[in-house]
Every structure is written in structure tokens, then in C-alpha cells.
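Enquirer: Model the following, please.
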Amino acid sequence: QMPLAESGGGFVQPGDSLTLSCTASDYTLRDFVIGWFRQAPGKEREGISCISLDDRIVYYSEAVQGRFAISRSSTSNTVYLQMGSLKPEDTAVYYCAARGLCLSDEIGEYDFWGVGTRVTVSS
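Expert: Residues are numbered from 1 along each chain as shown. This next block holds a predicted model:
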């Protein structure tokens, strides 16, 4: 098992921005492909972004393309998901995951998961 921890969720208004963080206490995230997923109420979990080992490949789903950005910290063991222009349909529990497939046009299955952080977008 690889304990992952998400943080940064909260309640925001439409149009606001929020940055989620993914950390691991016993592993170096730089050694893993990292993905971000979300599950909205009543819906299946969907992959929304991922970043390759060398950071050269990033993927964004159509739903978040142009509004979200994934990045790795150069100084801490953290992967970020910067979310902008948030919409009510972005309301979901957001999960980070490690060790999986990340291509420029596809996000695959992942082996290790965090417990999620809730994001609510509402006026």
C-alpha cells in the first residue's frame, strides 16, 4: 500500500479557483505517475488529469481542459491540481492516485489511491 493524502478541498462559488494537493509520507511522488480523478454524486469516477514521470506528458479530460493544471512541486513531495473557473458541475470528491497510465490522450488505471477531498461549487 502507498498512503496518499489529498487536501485543499472546500466550498467555493462558481468562477472561483482552488488548488488541491496530493502528498505521500513514505514515498517520493517524483518516482510515480500521478493522476487526479473525481466522483460526482450519483456518477462514476472519472479521470481528469495525470502527469508522467518526467513531467513531459500531461493529460486533461475535455471537461477540465483549459481550466485545470497539474504540476509537481520542485521543493516538496507534492503534486498539485490547480482548478480555475470552477463550475457547479465540478462538484465532486477528488482523488489522487499513483502508478498508472498517463498518455497525452488517455488516463488509465492506477494502483494506489488517496481517500479523497471534497470540492463543492455552489452559489
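Enquirer: where does Arg30 land in three-state SS?
Expert: helix (DSSP: H, G, I helix; E, B strand; the rest coil).
Enquirer: got a list of what it touches?
Expert: Residues in contact with Arg30 (Cβ atoms under 8 Å, 6 or more residues apart in numbering) are Leu53, Arg72, Asn77. Glycine gets a C-beta too; all of them are placed from N, C-alpha and C.
Enquirer: Apply 7 Å and report the result again.
Expert: Residues in contact with Arg30 (Cβ atoms under 7 Å, 6 or more residues apart in numbering) are Arg72.
Enquirer: From Thr75, how far out is it?
Expert: To Thr75, Arg30 is 11 Å away according to Cβ to Cβ, to the nearest Å.
Enquirer: okay, which residue is most central for the protein?
Expert: For the chain, the residue sitting closest to the mean C-alpha position, by Cα atoms, centre = their mean, is Trp36 at 2.7 Å.
Enquirer: I'd say that residue and Val93 touch.
Expert: No. Counting by Cβ atoms under 7 Å, Trp36 sits too far from Val93 to count as a contact (11.5 Å).
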